[in-house]
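K.L.:
the following block contains a protein sequence and its predicted model.
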Amino acid sequence: MRDYGKIFCAFWSAGDIQSLSDQGKILAAYLLTSQHTTLIGCFRAPFGYIQEDLKWSRETVSSAFSELSRNGFATVDEPTGWVLIHKYLHWNPIENPNQGKQAVRIYEQMPESMPLLSALERAFVEYGRFLPDEFLKGLGTVNEPSRNQEQEQEKEQEVPPTPSPAAPGGRRSRRRGNALEAFSPEASRIVGELRPIWRKEDPDGRPIRVDLSLWGQRLDEILKAHPEVTPDMLIEAGRNYTEGERFRYQAPQFFFGVGREGAEAAWVGYVRLLITKRQPAEVPLAS
C-alpha cells in the first residue's frame with residue numbers, strides 16, 4: 001500500500017478533465033491517488049471498495065466509470081474489478097531502472113486472463129522509459145532508457161510481426177502474427193497506403209520507428225470517434241505530412257495519436273485543412 005498519490009496542478013485545467021461531471025472528476029482524482037493505485041496505473045479496485053471510500057452507490061460508481069471510459073481517461077472491467085488509467089505512465093513516468101524492474105514485477109503478478117492486459121502492454125510500449133530491454137523485446141519493441149519521451153517518439157522502430165519468444169518470467173507476448181489482423185479493414189487500408197511512403201528517417205539520418213499495432217489501434221479510434229473523417233482523408237493527411245519539409249518527422253502512430261498536455265493531435269490540423277477546402281464553413285473537428 002502506498003503512502004501518497006500525485007496529481008499535477010494542470011490536471012484540473014486540462015480540457016478532457018474539465019469536460020467531466022463533478023462525479024467524473026472525483027473518480028478520476030480518486031483513481032490517481034487511491035491506496036489501490038500502482039506504479040503502472042493498472043490495479044484492482046472492485047466497485048465495493050470505491051463505494052465504501054467515496055460513500056457512493058454502485059450506480060454512481062458505474063456511471064462515473066462510463067464517463068471516464070468515454071473520454072479515454074480510464075477503463076474498468078467491472079466483473080473482475082481491474083482498472084487501467086490509460087495515460088498514467090505519461091503523467092507519472094517511471095523514473096529510473098529500479099522502478100522499471102518494479103513495474104515488471106507488478107506486471108508479472110497479474111493473471112494472464114486480466115482483460116486489460118493488452119492495453120497495458122501498449123502503454124508500456126508508448127511510455128515505458130527505463131523498462132528493461134528484454135521485457136520490451138517480449139512486447140515487440142525496444143525502449144532506450146537514456147532518452148526522454150520526445151526522443152523515444154521520434155525513434156520508434158518498426159515492430160517485426162513475430163516478437164521475441166518470451167518476456168521475463170516466462171510470459172509470452174500477446175502480439176502474434178500480422179500486427180494489423182486485430183484492426184478494421186479501413187485501418188489496414190490506411191496503413192497499406194501510407195507505410196510505403198512514410199519517412200524512414202529524419203533529414204539527419206535518425207531512424208523513424210513504426211509500431212504497426214499501435215498505429216492500427218489509433219486509426220480505429222479516430223474513425224470511431226470522428227464519423228465525419230473518412231479513410232481517404234486520413235490517407236491524404238498522412239501523405240501531406242510526410243511529403244512536407246521539416247526538421248523532425250513523427251512516427252505514424254504518434255502523428256495519428258492524441259495531443260500531448262492539452263495540445264491538438266497532429267493529424268487534426270491536416271484533416272481540418274482538407275475539410276475546410278471542401279467546406280469553407282466552420283469545421284468543428286476536435287482531437
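P.N.:
Cool, got the structure.
K.L.:
which ones are touching Met114?
P.N.:
Counting by Cβ atoms under 8 Å, 6 or more residues apart in numbering, Met114 touches Asp77, Thr80, Trp82. Quick note: C-beta positions are derived from backbone N, CA and C, even for glycine.
K.L.:
run the last query once more with 7 Å
P.N.:
Neighbouring residues of Met114 by Cβ atoms under 7 Å, 6 or more residues apart in numbering: Trp82.
K.L.:
look up phi and psi at it.
P.N.:
Dihedral pair for Met114: phi -60, psi 120, per degrees, to the nearest 10.
K.L.:
identify the residue spatially nearest to the residue nearest to the spatial centre of the chain, adjacent ones excluded.
P.N.:
Nearest to the centroid of the C-alpha atoms of the chain, with distances taken as Cα atoms, centre = their mean, sits Ala123, at 5.3 Å. Spatial nearest neighbour of Ala123, excluding adjacent residues (Cβ to Cβ, 6 or more residues apart in numbering): Leu89 at 5.6 Å.
K.L.:
with Phe255 instead?
P.N.:
Ala266 (4.8 Å).
K.L.:
try Gly257
P.N.:
Distances taken as Cβ to Cβ, 6+ apart put Arg218 closest to Gly257, at 5.5 Å, once the chain neighbours are dropped.
K.L.:
looks like that neighbour contacts Phe256 (just checking).
P.N.:
Yes: using Cβ atoms under 7 Å, Arg218 is in contact with Phe256, at 4.5 Å.
K.L.:
which one of those two is surrounded by more residues?
P.N.:
Phe256 (28 against 23; other Cβ atoms under 10 Å).
K.L.:
so what's that one up against?
P.N.:
Contacts of Phe256 by Cβ under 7 Å, 6+ apart are Trp215, Arg218, Leu219, Ile222, Trp267.
K.L.:
pLDDT score assigned to it?
P.N.:
Looking at Phe256, its pLDDT is 91.
K.L.:
and it, backbone torsions?
P.N.:
Torsion angles, degrees, to the nearest 10, at Phe256: phi -90, psi 30.
K.L.:
tally of neighbours for Asn98?
P.N.:
10.
K.L.:
that one: which element?
P.N.:
In this assignment (DSSP states H and E), Asn98 forms part of helix 97-108.
K.L.:
from Gln250, how far off is the residue nearest to Ala123?
P.N.:
19 Å (Cβ to Cβ, to the nearest Å).
K.L.:
what's the answer for Tyr241, then?
P.N.:
Taken as Cβ to Cβ, the span from Tyr241 to Gln250 is 8 Å.
K.L.:
ditto for Leu117
P.N.:
Where Gln250 is concerned, Leu117 sits at a distance of 27 Å (Cβ to Cβ).
K.L.:
now do Met233
P.N.:
18 Å.
K.L.:
what's the answer for Ile208, then?
P.N.:
From Ile208 to Gln250 the distance is 8 Å (Cβ to Cβ).
K.L.:
next: Ile235.
P.N.:
Distance from Ile235 to Gln250, by Cβ to Cβ: 16 Å.
K.L.:
compare those two (neighbour count), which wins?
P.N.:
Gln250 (20 against 17).
K.L.:
next one: that one, what pLDDT does it get?
P.N.:
82.
K.L.:
which SSE is it in?
P.N.:
Short version, using DSSP H and E: Gln250 is in no helix or strand.
K.L.:
tell me where the stretch 151-287 of the chain has helices.
P.N.:
185-194, 212-225, 231-243, 252-255, 266-278 (DSSP state H, counting those that start in this stretch).
K.L.:
go through the ones you listed and pick out the most buried.
P.N.:
Mean neighbour count (mean count of other Cβ atoms under 10 Å) peaks for helix 252-255 among the helices of the stretch 151-287 of the chain, with a mean of 24.
K.L.:
okay then, goodbye and thanks.
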